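S.K.: quick one: sequence plus predicted model below, questions after.
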Amino acid sequence: MIVLYAVLSLAVVFLIAAFLVGREARRLDAAPPRAVFDLDEATEWVANHLPFEVSAELSYGDVRRILEWSLDFLRARGMSGARPEVVEDSVVVGPEELADHILGRARADDAGYTEDQVAAVLDAQFGYFDAIGAIGPEAVPGELDE
């Protein structure tokens, strides 16, 4: 009789566990994967996707430096993924605004990067963002005003 109760108890525990695991698996499957920006991976990806002329002039260290400045700017604008909550308001940053910031940092640090170099790195960076799923849908004109 004790064996029957033990088997019955194990069966009930297994069914409850299977139900809970199945429910969580469906919930996680329905949610889009979270985009994670890895600076080392991004540096390599961006450097490998630069036009030949630019990649011949910039080292991996240069690319990483530009990416770090870009991330500093994006964090300052509230676009960091460090916060687990979902942001309700759209944050839009134009490439010109970001490039101006990076060129200003380059001048301040006497880095000497050209507009073409910065534009190429930012183009590749946005390609990386797209590849990891970090870019949302494009805004429709007038949509953000509502």
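M.R.: Sure thing, it's come through. Because the structure is predicted, anything quoted here is derived from the model rather than measured.
S.K.: what segments of this protein are helices?
M.R.: Remark: helices assigned in the chain by DSSP state H are 2-30, 39-48, 52-55, 60-76, 95-108, 115-132.
S.K.: switch those over to JSON lines; also include mean neighbour count and mean pLDDT.
M.R.: No exception for glycine: its C-beta is placed from N, CA and C like everyone else's. Output for these, formatted as JSON lines (neighbours: other CB atoms under 10 Å; pLDDT from 0 to 100):
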{"stretch": "helix 2-30", "mean neighbour count": "9", "mean pLDDT": "86"}
{"stretch": "helix 39-48", "mean neighbour count": "16", "mean pLDDT": "93"}
{"stretch": "helix 52-55", "mean neighbour count": "14", "mean pLDDT": "92"}
{"stretch": "helix 60-76", "mean neighbour count": "18", "mean pLDDT": "92"}
{"stretch": "helix 95-108", "mean neighbour count": "16", "mean pLDDT": "89"}
{"stretch": "helix 115-132", "mean neighbour count": "18", "mean pLDDT": "91"}
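S.K.: who's in contact with residue 101?
M.R.: 69, 73 (CB atoms under 8 Å, 6 or more residues apart in numbering).
S.K.: and if we set it to 6 Å?
M.R.: residue 73 (CB atoms under 6 Å, 6 or more residues apart in numbering).
S.K.: if I look at it, how far off is residue 40?
M.R.: The gap separating residue 101 from residue 40 is 23 Å, by CB to CB, to the nearest Å.
S.K.: and if you look at residue 130?
M.R.: Counting by CB to CB, the gap from residue 130 to residue 40 is 19 Å.
S.K.: again with residue 117
M.R.: 21 Å.
S.K.: for residue 1, same thing?
M.R.: The gap separating residue 1 from residue 40 is 62 Å, by CB to CB.
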